[in-house]
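J.: Sequence below, structure please.
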Amino acid sequence: MLRLEGGRRDEALDIVRLNGQVGYVHSVFQNVLNIELFEGDRLIAISTPRRPLAPDMIQLNQMIDFRTVAPDIGNRVTFGEVLAFENGIQVSLEATPVNLLVKTCEFDDASIDRLYTFLVTYGKAGGMLRPYQKMMEGTATGHWNAEERFIDQVMQEGRLERLIGLGPGLTPAGDDFVSGKILGDQILGRVPELGWGALLESRDKTTRVSYHMLRHAYHGRTNEAVLTFFEQLTDAAMQEAAKRVLEIGSTSGTDFLTGVHAALIEQRSGKLGSSNDHKEENIS
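T.: Below you'll find the predicted structure:
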């Protein structure tokens, strides 16, 4: 039997209320193992210290390669005094709770301009950045593929829900942009532009991991790397925090920060989030 010790966990992950819940192994990566519960529309992650703590995550104290020890995808997992896997692995649920809620803040024009300059200088192409840059600057350079033309059209229309599921990967580029836009609205104290109904409808349009990322963003919850970036965005030396966000995924970090900038730029223009479909759910 292999016992793994939890070190830190999302504060909203109520261990007592999870007692008796049953799920299955959804996906396994080197540093993260995802568990989907049979009830409650919940995806819970176990991670190594290499990954920033994220919503619904328990972060271990020790390093491990989950691919070498985890049970097969679909195997049963039970929450009790410990998190018990069908192959005998146990994860201690005694972990320090961490608050992963974003805080509202005001941003001046200089902060918004620095973020855009950072994106143009360091951002990765292949996702949302090039079409967004074209929209911002009114220019079109190089060859445009069908996906980039679609992104440009959707951005002009302002239909965020049409971007969900757009692109390959565990979190598609469109989802990362929408997540950044939602959280940008949150830190400005605005109602997210994407309504709760549209978010629920996205469940079958994208990956499970991405759907839950969007759901957490809607409730103002995100990972520690992003929280640090938000805290330092008004600092002229915010680049190091922003670079850590860029390290997320292939273009995920870039697409996310592009969405954040899209939200902040609306503050300058005076445009407010338009959704009146803001609802809450019990996330504990």
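
J.: neighbours around Lys103, how many?
T.: 12 (other CB atoms under 10 Å). Yep, even glycine has a C-beta here, placed from its N, CA and C like the rest.

J.: three-state assignment of it?
T.: When classified by DSSP: H, G, I helix; E, B strand; the rest coil, Lys103 comes out as coil.

J.: Skipping its backbone neighbours, what lies nearest it in space?
T.: Nearest non-adjacent residue to Lys103, counting by CB to CB, 6 or more residues apart in numbering: Ile187, 7.0 Å away.

J.: Please report how far Lys134 lies from Met128.
T.: For Lys134, the distance to Met128 (CB to CB, to the nearest Å) stands at 11 Å.

J.: more neighbours, these two?
T.: Neighbour comparison, Lys134 and Met128: the larger count goes to Met128, with 29 against 18 (by other CB under 10 Å).

J.: pLDDT score assigned to the more buried one?
T.: What the model reports as pLDDT for Met128 is 87.

J.: can I assume it is in contact with Gly253?
T.: No: judged on CB atoms under 8 Å, Met128 makes no contact with Gly253 at a distance of 11.3 Å.

J.: Which parts of the stretch 51-200 of the chain are helices?
T.: Taking DSSP state H, counting those that start in this stretch as the test, the helices found in the stretch 51-200 of the chain are 66-69, 109-122, 129-137, 146-157, 173-187, 196-201.

J.: what's the most buried one of these?
T.: helix 173-187 (a mean of 28; mean count of other CB atoms under 10 Å).

J.: by contact count, what packs against that one?
T.: helix 208-218, helix 224-232, helix 252-269 (3 or more CB pairs under 8 Å, 6 or more residues apart in numbering; DSSP states H and E).

J.: Can you check which of those gets nearest to Ile112?
T.: Ile112 sits nearest to helix 252-269 of all the helices and strands packed on helix 173-187, at 4.8 Å, using CB to CB.

J.: and the closest one, what's its mean pLDDT?
T.: For helix 252-269, the per-residue pLDDT averages 89.

J.: Tell me the helices and strands packed up against it.
T.: helix 109-122, helix 129-137, helix 173-187, helix 239-246.

J.: Kindly calculate the angle that that helix makes with helix 173-187.
T.: 40 degrees (axes from the mean of the first three to the mean of the last three CA atoms, to 10 degrees).

J.: Use 31 as the first number from now on
T.: Sounds good: first residue 31 from here, last item helix 282-299.

J.: chain center to helix 282-299: distance?
T.: 14 Å (CA atoms, centre = their mean, to the nearest Å).
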